[in-house]
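A.B. asks: A structural model of the following input is requested.
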Amino acid sequence: MTHGRKFHHDAIIVDGLQINNWSRAVLQELISGGVTAVNATVSVWEGIEESIRAIGEWNQFADRNSDIVTLARSSQDIRRAKTEGRVAVILGTQNTSLYGDDYRLVRVFAQLGVKIVQLTYNNQNSVGGSCYEPTDSGLTRFGVNVVHEMNRAGVLIDLSHVGDRTSIDAAEASASPVAITHSNPDWFVSSPRNKPDAVIEAVTSRGGVIGACLYPNVVGGAHAQLSDFCQMVYRLAEQVGIGHVGLGSDCTRNWGDEFVEWLRSGRWRPPSQETATWPAWPHWFTGPEDFPRLTEGLLAVGFTETEALGVLGENWLRLFDEVFPEGGSRDGGIVHDRTREPA
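C.D. replies: Okay, the predicted model is just below:
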């Protein structure tokens, strides 16, 4: 057990997504859990102006807490944060609402530090279909432009809440690897939010990573067992290759039930929809402080230490290096793609 704690302490732990109501106390939870870096959601349904304000608030928050947090734009920033004992935060969004109807804003927001963007959330949008739509339209013409511009600007494409057809279209249209930051295979738990093999293959065969998710609705509820989750991660690694699996907790710390109402439907809420509440989490993972339990669980099911390091964070770092490299060829924030131009 002592060896396991030291192993966790020394590892770089990257969480593929958290959507917390951020405070210094929440940052301290990450530090207590040994989390090195996190993709932090700054907007979901918010449009252009609201998203800019949210980024401004994050900059102020990071300034006020600069002793324990830093905003990161590359894997090197994450590695530096590890040596400094700080949490590295990569700004991300769970929708393309921040771009409005103008794909040129991809570059603008990338320059503001938004490095991970999910194409759709729970509803159809101008980019493509979501996992909850009864019919997935696929990637739209506008969506193709957005994907290509994300490639050029060095923004990681996230397909977690995206419909299956749109996900495959996006993976095929992208010149860079894409990600599923916080979902599980649907052979583990049947849910619209989890992914069939065809989507997982489209993502991982092109160099992408899938972040195994702890959110109750995709892990089997509050009665899910740590051993079952870790066995799923092990089987997934066997299926797609050890280099293509990470973690994405989808932590939702410090929110009341009013936020889950907004999160699920935004400004569009059917009058007949029941009041939403947060689901109960499994006892072995209720927040970032429980990340050491995941490390112990991964080692217990048969991952070697090298393999566990990959799942815990190194696989995300490799993907970040490919999509938004610190020393990449850039002009005004654009990563050059010689093989593909925006449609």
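
A.B. asks: outside of stretch 39-49, which residues touch it?
C.D. replies: By Cβ atoms under 8 Å, 6 or more residues apart in numbering, the surrounding residues in contact with stretch 39-49 are 15-20, 22, 50-51, 54-55, 58, 89-95, 97-100, 105, 114, 116, 121, 181, 248, 262-263, 266-267. The way it works is simple: take the backbone N, C-alpha and C, and place the C-beta from them, glycine included.

A.B. asks: Quick one: buried ones out of these?
C.D. replies: Judged by neighbour count, with 16 or more other Cβ atoms under 10 Å as the criterion, the buried members of the contacts of stretch 39-49 are 15-20, 22, 51, 54-55, 58, 89-95, 97-99, 105, 114, 116, 121, 181, 248, 263, 266.

A.B. asks: Which strand or helix spans V38?
C.D. replies: Under the criterion of DSSP states H and E, V38 resides in strand 37-43.

A.B. asks: brain fart, N123
C.D. replies: Element membership of N123 [criterion: DSSP H and E] is none; it lies in no helix or strand.

A.B. asks: Okay, helices next: where are they in the protein?
C.D. replies: Under the criterion DSSP state H, the chain contains helices at 2-10, 24-32, 48-64, 75-84, 105-111, 141-153, 164-173, 197-204, 216-219, 226-240, 257-265, 291-300, 305-309, 315-323.

A.B. asks: Quick one, which of those gets closest to F188.
C.D. replies: helix 226-240 (4.6 Å; Cβ to Cβ).

A.B. asks: Specify the angle between that closest one and helix 291-300 in degrees.
C.D. replies: Compare the direction of helix 226-240 with that of helix 291-300 by axes from the mean of the first three to the mean of the last three Cα atoms, to 10 degrees and you get 60 degrees.

A.B. asks: Output helix 226-240 as PDB, restricted to C-alpha atoms.
C.D. replies: Extracted as PDB, the C-alpha positions of helix 226-240 are listed here (Å, rounded to 0.1, in the frame of the first residue of the first chain):
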ATOM      1  CA  LEU A 226     -14.300  -0.100  -8.300                       C
ATOM      2  CA  SER A 227     -13.100  -3.500  -9.500                       C
ATOM      3  CA  ASP A 228     -15.700  -3.700 -12.200                       C
ATOM      4  CA  PHE A 229     -14.700  -0.200 -13.400                       C
ATOM      5  CA  CYS A 230     -11.000  -1.100 -13.500                       C
ATOM      6  CA  GLN A 231     -11.700  -4.400 -15.200                       C
ATOM      7  CA  MET A 232     -13.600  -2.400 -17.900                       C
ATOM      8  CA  VAL A 233     -10.600  -0.100 -18.300                       C
ATOM      9  CA  TYR A 234      -8.300  -3.200 -18.700                       C
ATOM     10  CA  ARG A 235     -10.600  -4.800 -21.300                       C
ATOM     11  CA  LEU A 236     -10.800  -1.500 -23.200                       C
ATOM     12  CA  ALA A 237      -7.000  -1.200 -23.200                       C
ATOM     13  CA  GLU A 238      -6.900  -4.700 -24.700                       C
ATOM     14  CA  GLN A 239      -9.500  -3.700 -27.300                       C
ATOM     15  CA  VAL A 240      -7.900  -0.500 -28.500                       C
END
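
A.B. asks: Which positions in that helix come out as buried?
C.D. replies: Taking 16+ other Cβ under 10 Å as the neighbour-count basis, helix 226-240 is seen to contain the buried residues 226, 228-234, 236-237, 239-240.
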